[in-house]
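Visitor: sequence plus the predicted model coming up.
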Amino acid sequence: MILVSQVAVVFLGFAGGIAVGTGVIALFIVLDMIPRLAQVTRSYNKVHWYEGAMIGGSLLGTAADFWNWSVPGPWIGSGIVGLFNGIFIGMLAAALTEVLNVLPIFAKRLHMHKYMTQLLYAMVCGKVAGSLFEWFIYRQ
């Protein structure tokens, strides 16, 4: 009976991981993230590197979370990892915004065409302020 429950747990965990991973990859495909990144950086010949980095990072992050890996070191290391995480989340948010054409519709409805740069800076500053609040105040 215990063996059956363990097999069921392993099966459900594996199936859930495949479902979540498939959803994330589908999101990246729908957002056209990798081809857009190659277009913006003019590095079409490196698309396979981008795909490998995304898959490798996903696998490494999953393993690190699953086995509670930690790397001792100075606090600056956490800042560098946080910077890379922020870059990734920013790219994902920008891709989602670009696909949905949120900003042009928002600017048109509020008659803010002249203030698009300030609107973008306000969004960036709000995101940074919210992240800093969570890291330094909310989590303590």
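Guide: Done, it's in.

Visitor: so Val71, which of the three states?
Guide: Secondary structure for Val71, judged by DSSP: H, G, I helix; E, B strand; the rest coil, is coil.

Visitor: from Thr62, how far out is Gly21?
Guide: Between Gly21 and Thr62 the computed distance is 9 Å (C-beta to C-beta, to the nearest Å). For glycine as for every other residue, the C-beta is placed from the backbone atoms N, C-alpha and C.

Visitor: now Gly23
Guide: Taking C-beta to C-beta, one finds Gly23 at 14 Å from Thr62.

Visitor: who has more neighbours out of the two?
Guide: Neighbours were counted for Gly23 and for Thr62 using other C-beta atoms under 10 Å; Thr62 has more, 13 against 10.

Visitor: what's the closest non-adjacent residue to the more buried one?
Guide: Excluding its sequence neighbours, the residue lying closest to Thr62 (C-beta to C-beta, 6 or more residues apart in numbering) is Gly17, at 7.6 Å.

Visitor: what are the phi and psi values for the residue nearest the centre of the chain?
Guide: What sits nearest the mean C-alpha location of the chain, by C-alpha atoms, centre = their mean, is Ile89, with 3.7 Å. Per-residue torsions, Ile89: phi -60, psi -40 (degrees, to the nearest 10).

Visitor: now the helix or strand of the chain at the bottom of the mean pLDDT ranking, how far from the centre of its chain.
Guide: Confidence across the helices and strands of the chain bottoms out at helix 102-109, with a mean of 74, counting by mean pLDDT, DSSP states H and E. Averaged C-alpha coordinates place helix 102-109 at 24 Å from its chain's average position (C-alpha atoms, centre = their mean, to the nearest Å).

Visitor: buried residues, that helix. List them.
Guide: Buried residues in helix 102-109, counted by 16 or more other C-beta atoms under 10 Å: Leu103.
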